[in-house]
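Visitor: Would you be able to build a 3D model of this:
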Amino acid sequence: MYYLGIDWGQSKCGLAIADEENRIASVYKQVLAADVYQAVFDLSQREKINKIIVGFNEKLLQRKLFNLFLEEIKKNGIPIELENEDFSTQVAHRNLIDAEQKKIFQGDDIESSRVILQSWLDREGNE
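Guide: Take a look at the predicted model:
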């Protein structure tokens with residue numbers, strides 16, 4: 001069983017994945033926002049995704065596009081949980097700088113999705 005983390009953006013989305021046994025989030029890939037539904041569907045067919053973790057903040061919850069995104073993702077029938085993504089981009093940038101990545105802003109969506117998913121995994125493991 002796997003968990004899927006999503007950092008939603010209006011133009012691109014980052015995807016991360018973790019298995020239930022190891023509970024360590026790994027970057028998966030970045031997709032265009034228009035392709036995220038197909039990417040989630042394809043991944044859920046290949047892997048046994050048992051929960052989708054979507055990063056959110058108060059501003060996103062007020063955006064119509066974000067809420068439409070959540071409604072579409074729910075159609076997969078996989079349970080969804082929201083994880084507060086405040087500061088995930090800053091943490092992602094720090095991680096990429098520490099890893100000496102040259103194109104920090106190109107990979108920040110993927111790393112942010114990993115940060116969001118790992119935060120959820122850590123919190124769930126401590127409850």
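Visitor: Mind naming the longest helix for this protein?
Guide: helix 108-125 (DSSP state H).
Visitor: Identify all contacting residues around that one.
Guide: Helix 108-125 has contacts (CB atoms under 8 Å, 6 or more residues apart in numbering) with 3-7, 9, 12-18, 23-30, 53-55, 81, 83-85, 88-89, 91-93, 95-96. All C-beta atoms are positioned from the backbone trio N, CA, C, and that covers glycine.
Visitor: just the helices in the chain please.
Guide: 36-46, 58-61, 64-74, 88-98, 108-125.
Visitor: could I get those as a markdown table with mean neighbour count and mean pLDDT?
Guide: Output for these, formatted as a markdown table (neighbours: other CB atoms under 10 Å; pLDDT from 0 to 100):
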| stretch | mean neighbour count | mean pLDDT |
| --- | --- | --- |
| helix 36-46 | 15 | 92 |
| helix 58-61 | 11 | 88 |
| helix 64-74 | 14 | 94 |
| helix 88-98 | 17 | 51 |
| helix 108-125 | 22 | 85 |
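Visitor: quick one, what contacts A39?
Guide: 13, 15, 29, 31.
Visitor: Which one of those residues is nearest to K75?
Guide: C13 (16.4 Å; CB to CB).
Visitor: unless I'm mixing things up, the closest one is touching A34, no?
Guide: No. Taking contacts as CB atoms under 8 Å, C13 lies outside contact range of A34: 9.7 Å.
Visitor: neighbour count winner among these two?
Guide: More neighbours surround C13 than the other of C13 and A34, with 27 against 10 (other CB atoms under 10 Å).
Visitor: quick one: the more buried one from E124, how far?
Guide: C13 sits 22 Å away from E124, going by CB to CB, to the nearest Å.
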